[in-house]
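Q: Sharing a model that was predicted from the sequence below.
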Amino acid sequence: SNGAFYMNVNQTGQRNNELLRAQMLGRQIYGMAVAYNLTGNETYKSMAINATNLLREKYWDNSSGGFSDDDFNVSNGSQIINSRNSKTMFGQSWANFGYLSTYWITNNVTYLNYAQESFALYEQKAWNSTDKAYADIANDSWTITSNQYTFSSTIDIALSTVLPLYTLTGNSTYLTRLKEITDSSLKNMVNESNDLIVGNYNPGWTNNGNKEKISVGHNTKYAWYLIYMYNLTNNETYKTKGIEIFRNATEKGWEDQYNLWSNEVNTTTNLSVNPDIPWWIIEDGSVGSHILYKYTNNDIYYDLFKKSTGTYLDKFLDQTNGEVYEIANESGSITNTDKGYEYKASYHSSEIAILLSQTIDGFLGVPYGNFGTYLSNNPPTSSSSQTSSVSGSESGGSSRKNNSKVNNPQTDNNETNKTIVSNESKKEE
């Protein structure tokens, strides 16, 4: 094997084509690193190492640096099938995530050096020191072609690159950058009228026109990212805003009838504007509700976690062939059974695996797992059965259909927090 993964695969794992992109390879490497940590199986470690070496040897641009968005041929890892002349920050950061994942399980400083080299490049080429954000897209020679600020060029970079660089090294330079990204995003990306992040932004942080449609998954992910930042900094504002944003995203985007999160919602009408529910929306909601529960002790979030994760396991997980399906409709019926494409790898399933394993902590620096006997005695609820409603005063959540308000922000903020110890040290072999 040359270390490659097929990017586009169907329900049974048969490849749909020969394509592979760097961002996909980086996320698959993370999946292998998690599998190794969960099982101790050296095969997964070898697969991660081989794939990381391929990522460096074939997908790194030796002329200009960085990872191209081109699709390559899986068979030889070098023949370009689709040339795009672009380097997105999404592609850079998630490919770099592969370097960091392999450093996590090997402690081989070579992979850390690769990650730092990659990060330094888009620090130099894409960082706007005034707006405290990264431009979204450059061409192959690093001329900026889209200077918009998006979720991918802000929060995704923070989560996939800057945060693990800090938790794996303890270098305060990375923490400083994290604080700058976080403070800037809170100031400029959060809509004052609904306390949710909306749309993309032009330099100077002017909204590019969308002030009503939200991505539910981006908001739940942003919420738990803020809790991560609270864990690292003890900045109460991060925790308060994380709780508020998660609650507001739940109010707008949680469907209690089917135990799932909507994809995109118009915040004025409270109606879904996209009937497709991808797997990652459910996973980010599960992670968010899990983390909110750990930091507030509020059973509302544990109930959401059980329901959301139950949907992920009951509806999305293919019990026969493994891995999760790509898309369900708004009633939870699967409409696309593919298992992989350029934005779907093993990353989200690996996060769920860490969360449910109760055995290891992710290297991002915040414990996902270890619910202890409480989780063992209260397993995730299957989405096919209705338990307590996530609406009104009983559970604190709300259904978009009745638009009842979730718990008062001060209720959650004043609850006793669990003591969480950050795992900031790198894994020792």
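A: Sure, I can see it.

Q: Lys315 versus the residue lying closest to Ile334 once chain neighbours are set aside, what's the distance?
A: Leaving out its chain neighbours, the residue that sits closest to Ile334 by CB to CB, 6 or more residues apart in numbering is Tyr325, at 4.8 Å. Any C-beta I mention is one placed from the backbone N, CA and C, and that applies to glycine too. Here Tyr325 is placed at a distance of 8 Å from Lys315 (CB to CB, to the nearest Å).

Q: got a list of contacts for stretch 94-113?
A: 22-23, 25-30, 32-33, 36-37, 45, 48-49, 51-52, 55-56, 59, 67, 114-115, 118-119, 156, 160-161, 164-165, 168-169, 347, 363, 426-429 (CB atoms under 8 Å, 6 or more residues apart in numbering).

Q: List buried residues within those residues.
A: The neighbour count (16 or more other CB atoms under 10 Å) marks 22-23, 25-30, 32-33, 36-37, 45, 48-49, 51-52, 55-56, 59, 67, 114-115, 118-119, 156, 160-161, 164-165, 168-169, 347, 363, 426-427 as buried among the contacts of stretch 94-113.

Q: pretty sure Glu180 contacts Tyr134?
A: No - Glu180 is not in contact with Tyr134 according to CB atoms under 8 Å; the separation is 11.0 Å.

Q: who's more crowded, the two?
A: Tyr134 (25 against 16; other CB atoms under 10 Å).

Q: Identify the residues contacting the more buried one.
A: 89, 122, 126-128, 149, 153-154, 157.

Q: Tell me the backbone dihedrals of it, please.
A: phi -100, psi 140 (degrees, to the nearest 10).

Q: Let me know the distance separating it from Asn128.
A: 7 Å.

Q: And Thr143, by the same measure?
A: 15 Å.

Q: Neighbour count: the two, which is higher?
A: Remark: of Thr143 and Asn128, Asn128 carries more neighbours, 16 against 10, as counted by other CB under 10 Å.

Q: How about the contacts made by the more buried one?
A: Asn128 touches 134-135, 147, 203, counting by CB under 8 Å, 6+ apart.

Q: which stretches of the stretch 101-250 of the chain form strands?
A: Using DSSP state E, counting those that start in this stretch, the strands of the stretch 101-250 of the chain run over residues 127-128, 133-134, 137-138, 144-146, 190-191, 196-197, 201-202, 206-207, 213-215.

Q: Tell me the helices and strands packed up against the third one.
A: What that stands for is strand 137-138. Packing contacts for strand 137-138, counted by 3 or more CB pairs under 8 Å, 6 or more residues apart in numbering; DSSP states H and E, involve strand 87-88, strand 144-146.

Q: wait, which of those strands is closest to Pro275?
A: strand 87-88 (26.5 Å; CB to CB).

Q: Partner strands of the closest one, with direction?
A: Looking at strand 87-88 with DSSP bridges, its partner strands are strand 137-138 (antiparallel).
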